[in-house]
Each structure stands twice: as C-alpha cells, then as structure tokens.
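S.K.: coordinates only, sequence not included:
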C-alpha cells in the first residue's frame, strides 16, 4: 500500500471520528473538544511512528543496495584488472 493512501486513510479516519464524536457526545462541548484533540494527537503520534518505521526500512534497504553495488563493482573491477594483466602477459610472450 502506498504511503499516500495510508496518510489519506488516516486523515479520513480522523475527520470521521471527530464528526461522530461531536454528533454523539453526551458531554459538554469543552470535554468533547479535549477528547477529540487527544485522539488527534494519538493519531499524529501513530502516523509519526509509522513514518519513522517506513523511513528506517527504506534506509536499511538503501544501505543494502549500496553494499551490493559496491561488492559487485569491486568484484568486476578485480576481474577486469586480472583479465587486463592476462591479456598484457599474452601479448608480451
């Protein structure tokens, strides 16, 4: 699932929850507003945590790709150098 869809779904959920909370609240408006604000903070904290996890996962994958590319380049550089030396030795004989 794309990050954009997750964020959109989360925002839609927050808005829906806020509207339903106001419509069906048996308490005073100030209490309801505090509850909605607290829920909003909880959702924001959850979103931040999920974003951090996503970012960490991407960073780990990026580092792995960098390592793989470096190993690949090193291997083929050595192979090319070996081949060049072999070709040079062949030409001198």
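M.R.: Nice, I can see it. Nothing here was measured: the structure is a model prediction, and the numbers come from that model.
S.K.: measure the residue nearest to the spatial centre of the chain to residue 75 for me?
M.R.: Among the residues of the chain, residue 54 comes closest to the average C-alpha position under Cα atoms, centre = their mean, at 2.4 Å. Note on residue 54: its distance to residue 75, by Cβ to Cβ, to the nearest Å, is 32 Å. Where you see a C-beta, it was placed from the backbone N, CA and C, and this is true even at glycine.
S.K.: now residue 53
M.R.: From residue 53 to residue 75 the distance is 33 Å (Cβ to Cβ).
S.K.: which of the three states applies to residue 64?
M.R.: Applying DSSP: H, G, I helix; E, B strand; the rest coil to residue 64 yields a three-state assignment of helix.
S.K.: residue 3 against residue 55, yeah?
M.R.: No - at 10.1 Å, residue 3 does not count as touching residue 55 under the criterion of Cβ atoms under 8 Å.
S.K.: low-confidence ranges in the chain?
M.R.: Counting by pLDDT under 70, the chain contains low-confidence ranges at 1, 25, 89-90, 92-93.
S.K.: how does it look with 90?
M.R.: 1-37, 39-40, 43-44, 46-47, 75-93 (pLDDT under 90).
S.K.: which parts of it are helices?
M.R.: In the chain, the helices defined using DSSP state H lie at 3-23, 29-92.
S.K.: the longest one packs against which elements?
M.R.: This points to helix 29-92. helix 3-23 (3 or more Cβ pairs under 8 Å, 6 or more residues apart in numbering; DSSP states H and E).
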